[in-house]
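Novice: Just a sequence and a predicted model for now, questions to come.
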There are 2 protein chains.
Amino acid sequence: MTNKKITIREVATQAGVSISTVSQYMNKRFDYMGTETRKRIESAIRELDYQPNVVARSLKVKNTRTIGIVVANILHNFSTEVIRAIEDECHNQGFSTIICNADDEPEKERKYLNTLLSKQVDGLILFPTGGNIEIHQKLADESFPMVFIDRIIKEMTVDSVLLDNHRAIDVAVEHLIENGYERIAILTSSLLQNVTPRIERIEGFQMAMKNRGLPMHPEYVKGMEIKDLNRGLKRLYSLKQPPDAFIAGNDLTLMEILKFASEEGKQIGREMGLVTIDEVDFAKVYAPPLSTIAQPTFEMGRQAASLLLNKVRGDVAEPPRIHRYAPQLNARASSRKH
Amino acid sequence: MTNKKITIREVATQAGVSISTVSQYMNKRFDYMGTETRKRIESAIRELDYQPNVVARSLKVKNTRTIGIVVANILHNFSTEVIRAIEDECHNQGFSTIICNADDEPEKERKYLNTLLSKQVDGLILFPTGGNIEIHQKLADESFPMVFIDRIIKEMTVDSVLLDNHRAIDVAVEHLIENGYERIAILTSSLLQNVTPRIERIEGFQMAMKNRGLPMHPEYVKGMEIKDLNRGLKRLYSLKQPPDAFIAGNDLTLMEILKFASEEGKQIGREMGLVTIDEVDFAKVYAPPLSTIAQPTFEMGRQAASLLLNKVRGDVAEPPRIHRYAPQLNARASSRKH
DNA sequence: CTGTTAGCGCCTTCAG
DNA sequence: CTGAAGGCGCTAACAG
C-alpha cells in the first residue's frame, strides 16, 4: 500500500525529456529518436523500476489485451483441458484471460458476462449454458469478438469449436461391436438446457444403431442427472436382457459407471464392455485400462483462441462457421471381452 | 467492433441530470437524491443498456477488484482444486481472478508477475517457483497484498497456506505399518528449486522412521523427475530387499507408480502397499481403491483468498504467519495386505 | 439535492 | 527529433 507508484512523468523528468517522448519509447516508436535520448530513457526506466500502468493505457487505447472465458461447468475434465490450451495460446500472443465458471447456472453466466464486458475484455470464449441466447445474440449483432466451444446455438452463426459427436459415437459403437458386444447402452448426464453434446451423442447413437440394422431398446438410452445415474444403472441390470456394454457420455458419467461396477462387483471388459467419451488421466493405468474416445482438447482450445484473437485484431478471415473435430479412439482393455 | 459504447455522459443527458449525479447513483450514494431523479436515471440506464466502464473507474479509484494468481505448475491436481476454491471465494466477494501458469519456470513467473502488476491487480496469490525471491521480497517490503500457497520462502514473513507435511507423512507411515508393511519407500518428484513440500515430506519420512526406531534405507527415498521415476522403481525392485510399500509424494508420482504396477503386473495392496499424498478423483473407483492423504484443498484455497482479500481491503488482522493444514487419511484397499 | 471542476496515467496529433 | 495540449470515462470534493 505504501508503494508510491512511479509514473511516466517521473521517468520523463528523470530522463530530462518530455512525457510524450517516453511514451514513444514505450511503444517502440524510436524511428526518429536520438540514440542519446533513448539511452537516457532506458536508464531512467531501469533506475526507477518503472512499470507502465496498463489500466491507464487501456482507457486510452480502448483495448485491454484481456479475453474472458466463461465455462458452463468447469468440473468436466474436458473444460479444464480446453481452457488450459486457450490460456497457453492467449499468453503466447500476449493476452491475459479471466476465467469464470457458470456452474451450469444461466444467471451466473449472465452476471459474469456483464462483469467481463464492463472490464472491457477484447473478446469472449464461451461454453454456453444455453440460457442466455438473447445476450449472445446481441453480442453477435454488435459483432463483438466471440467464439463458442462444445455447444452450438442453432439460431446463431458464431464460430463454434466442437467434437464431431455423431462420428464419436459411431466409432464407439463400431468398436464395441467388433469386440463382440451385442447389447450396447449409452448413458449421459442430463443438463436441463439443450446441451449440444448430449443431444448429438444420443442422436449419433440412434443413427449408429440404425445404420447397422441393430435394434434400439429405448431403456438403453439414458440421459439423467449424475446423481441419479446409479439408480439408472441398477434398473438396467434388472432388465431380463441387461446391456453387455456401455458408452459413457462424458467423464462424470464414467465415474458413476466405475463406481457402480466396483460396488456391484461387475468385471469391466469381460461382462461389461466400456468405452467413454473424453480421455481421463487414469485411463491407461486403470485395471483394466479404459477405452476412450478422446477429443483433441488441446487443438480445440488452441483453435478457439486463435480464431478469437484474429477477430480481436480485426484479421477477419472466413465467415463464422462450425469447426468440427475428429474423435480419436484409444482402444484399451475395457472394451475387450477376452 | 461497431458498438458505439454508451457512456455515463449519454445517460446523464438522457436522464436530464449531470454526469456526477449519475455517478452518485452508480455508486449507490442516493442519500440525498430525489426519488424523481433516481427514477429518471434508472430508466435512462435501462433504455440505453448502460454498462459502466470499469477500466475508467479503476484508473480513478486505484483498484481493479482483480487479483492475480500465479501457480508454479497447474498440472498438479492439487493446484487446480485450490485455484478453484480461490476463484469461488473471490467471485463471492466481487473480485475477478487472472490465473497464470509458470510451468515451473522462474522466468515465466517473473514475466507474469510483471504483467499482473502492470494490470494493477489488487493482490497476488502465489504458488512460488522459488526462483524469484528478490521480487517477492520487494513486494513484501512494499507490503503489497500477497499470500503464498504450498510453498514457503524461509527468508520471508508472508502469510503462507500449506499442508502439515511432516504430519502427513507420519500418518502415512503409521498407517502402512499398522497394516503390516515393513519396508516403506517414498517417491516424489524432484523439482530443481527448493520445493517446500518435497523437502518437508522427505524430512517427515526420516523423522517418522526414526521416531519408530525403524531403519532407513537411503535407496528407499527417491526424489527424481517424473520421467525418471520408472527407472527408479525398476531399480528398487532389483534390490535384494525391495520395498513392500510406497508413499507417493504427489499425484504425478502416483501415476507413475500405477503405470509401473500395471506394466509389471504387481498387485497393489497385496504385494505393494500404496498410500498417496493428494486425493485424486479416481481413488475411490480404482481397483483396488487407493488410500490417500488428502489435503483440504477447498479450505486452503478459501483461506488463502480470504486472507488476501482482507489485506486488500486494509483489514489487517494478525501479523503474517504460516497456516498449516491437517492432512486427512482416507484409508482404502491399496494399503491393506489381505 | 445537483452541477462544476479537476484530475487518474497514458497516448496522439500537431506544431516547433 | 521533441514537447504542448486535449481527452479516454469516471470519481470526488466543493460549491451552489
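Specialist: Structure's in. What do you need?

Novice: Please list the residues of chain A that sit near DNA strand D.
Specialist: If contact is defined as CB under 7 Å from any atom of the strand, the residues of chain A in contact with DNA strand D are A:17-21, A:24, A:31-34, A:36-37, A:56, A:59-60, A:62. All C-beta spots, glycine's among them, are computed from the backbone N, C-alpha and C.

Novice: Tell me which two in these are the farthest apart.
Specialist: In these, the most distant members under the criterion CB to CB are A:36 and A:62, with 33.5 Å between them.

Novice: State the number of residues packed around residue A:159.
Specialist: By other CB atoms under 10 Å in any protein chain shown, 22 other residues sit near residue A:159.

Novice: Contact partners for it?
Specialist: When contacts are counted by CB atoms under 8 Å, 6 or more residues apart in numbering or on different chains, residue A:159 is found next to A:146-148, A:304, A:307-308, A:311, A:320-323.

Novice: quick one: which of these is nearest to residue A:201?
Specialist: Using CB to CB, the shortest approach to residue A:201 within these belongs to residue A:322, at 16.1 Å.

Novice: returning to what we had before: okay, residue A:36 and residue A:62: which has more neighbours?
Specialist: The residue with more neighbours, out of residue A:36 and residue A:62 and counting by other CB under 10 Å, is residue A:62; that gives 12 against 8.

Novice: Can you pull out the low-pLDDT segments for chain A?
Specialist: Within chain A, the segments meeting pLDDT under 70 span A:1-4, A:29-32, A:191-193.

Novice: Please enumerate the strands of it.
Specialist: Counting by DSSP state E, chain A has strands at residues A:66-71, A:96-101, A:123-127, A:146-149, A:160-163, A:184-189, A:221-224, A:245-248, A:273-277, A:291-294, A:322-325, A:328-330.

Novice: Ranking the ones you listed by mean neighbour count, which comes first?
Specialist: Using mean count of other CB atoms under 10 Å in any protein chain shown, the stretch among those with the largest mean neighbour count is strand A:245-248, at a mean of 30.

Novice: does any part of it sit near chain B?
Specialist: No: contact of strand A:245-248 with chain B is not found when judged by CB under 8 Å from any CB of the partner chain; the minimum separation is 12.2 Å.

Novice: who does that strand pair up with?
Specialist: Strand partners for strand A:245-248, identified by DSSP bridges, are recorded as strand A:184-189 (parallel), strand A:273-277 (parallel).

Novice: chain center to the last one: distance?
Specialist: Put plainly, it is strand A:273-277. Distance, stretch centre to chain centre, for strand A:273-277: 21 Å (CA atoms, centre = their mean, to the nearest Å).

Novice: Now tell me what touches that strand from outside.
Specialist: By CB under 8 Å, 6+ apart, the list of residues contacting strand A:273-277 from outside reads A:168-169, A:172, A:175-176, A:179, A:181, A:184, A:201, A:244-251, A:253-254, A:257, A:268, A:283, A:290-293, A:295, A:327, A:334-337.

Novice: rewinding a little: okay, the strands paired with strand A:245-248 in TSV with distance to residue B:82 next?
Specialist: As requested, these are exported to TSV (distance: least, CB to CB, whole Å):
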stretch	distance to residue B:82
strand A:184-189	25
strand A:273-277	27
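
Novice: Same list, those strands, but as a markdown table with distance to DNA strand C please.
Specialist: Compiled in a markdown table, these are given as follows (distance: least, CB to the nearest atom of the strand, whole Å):
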| stretch | distance to DNA strand C |
| --- | --- |
| strand A:184-189 | 47 |
| strand A:273-277 | 46 |
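
Novice: Show me the one of the ones you listed that comes nearest residue B:91.
Specialist: Of all these, it is strand A:184-189 that lies closest to residue B:91, at 23.9 Å by CB to CB.

Novice: What is the burial count for residue A:84?
Specialist: One way to gauge burial is a neighbour count; for residue A:84, by other CB under 10 Å, it gives 18.

Novice: Go ahead and confirm it touches residue A:300.
Specialist: No: the pair formed by residue A:84 and residue A:300 falls short of the contact definition of CB atoms under 8 Å, at 11.3 Å.

Novice: Close to DNA strand C: what parts of the stretch 1-150 of chain A are there?
Specialist: With CB under 7 Å from any atom of the strand as the criterion, the stretch 1-150 of chain A meets DNA strand C at residues A:5, A:7-9, A:19-20, A:23-24, A:26-27, A:52-53, A:56-57, A:59-61.

Novice: For the closest residue to residue A:21 other than its chain neighbours, list the residues it contacts.
Specialist: Across the structure, with CB to CB, 6 or more residues apart in numbering or on different chains as the measure, the residue nearest residue A:21 apart from its sequence neighbours is residue A:37 (6.5 Å). By CB under 8 Å, 6+ apart, the contact set of residue A:37 is A:15, A:17, A:21.

Novice: cool, and residue A:255?
Specialist: When the contact criterion is CB under 8 Å, 6+ apart, the partners of residue A:255 are B:281-282, B:285.

Novice: now, among those residues, which is nearest to residue A:106?
Specialist: With CB to CB as the yardstick, the closest approach to residue A:106 among the contacts of residue A:255 comes from residue B:281, at 26.6 Å.

Novice: could you dump stretch A:283-299 to CSV, C-alpha only?
Specialist: This file holds the C-alpha atoms of stretch A:283-299, laid out as CSV (Å, rounded to 0.1, in the frame of the first residue of the first chain):
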residue,chain,number,x,y,z
ALA,A,283,-7.4,-44.4,-18.3
LYS,A,284,-4.1,-46.0,-19.1
VAL,A,285,-3.4,-47.1,-15.5
TYR,A,286,-6.8,-48.3,-14.6
ALA,A,287,-7.4,-52.0,-14.2
PRO,A,288,-8.4,-52.8,-16.8
PRO,A,289,-7.2,-49.9,-18.9
LEU,A,290,-10.1,-47.9,-20.2
SER,A,291,-11.0,-47.4,-23.8
THR,A,292,-11.7,-43.8,-24.6
ILE,A,293,-12.9,-41.6,-27.4
ALA,A,294,-10.7,-38.6,-26.9
GLN,A,295,-11.4,-35.1,-28.0
PRO,A,296,-8.4,-33.2,-29.3
THR,A,297,-8.8,-30.8,-26.4
PHE,A,298,-5.5,-29.1,-26.9
GLU,A,299,-6.1,-28.4,-30.5
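
Novice: Next, the buried residues of that stretch.
Specialist: Neighbour counts over stretch A:283-299 (16 or more other CB atoms under 10 Å in any protein chain shown) mark A:283-297 as buried.

Novice: out of these, who's nearest residue B:135?
Specialist: When the buried residues of stretch A:283-299 are compared for distance to residue B:135 (CB to CB), residue A:297 comes out closest, at 33.0 Å.

Novice: which residue packs closest to that closest one, ignoring adjacent ones?
Specialist: In space, residue A:297 comes closest to residue A:81 once its chain neighbours are excluded; the distance is 3.9 Å by CB to CB, 6+ apart.

Novice: How many residues are close by the one you found?
Specialist: The burial count assigned to residue A:81 is 20, neighbours taken as other CB under 10 Å.

Novice: Which parts of the stretch 1-150 of chain A are helices?
Specialist: Taking DSSP state H, counting those that start in this stretch as the criterion, the stretch 1-150 of chain A contains helices spanning A:8-15, A:19-26, A:35-48, A:54-61, A:77-92, A:106-118, A:133-141.
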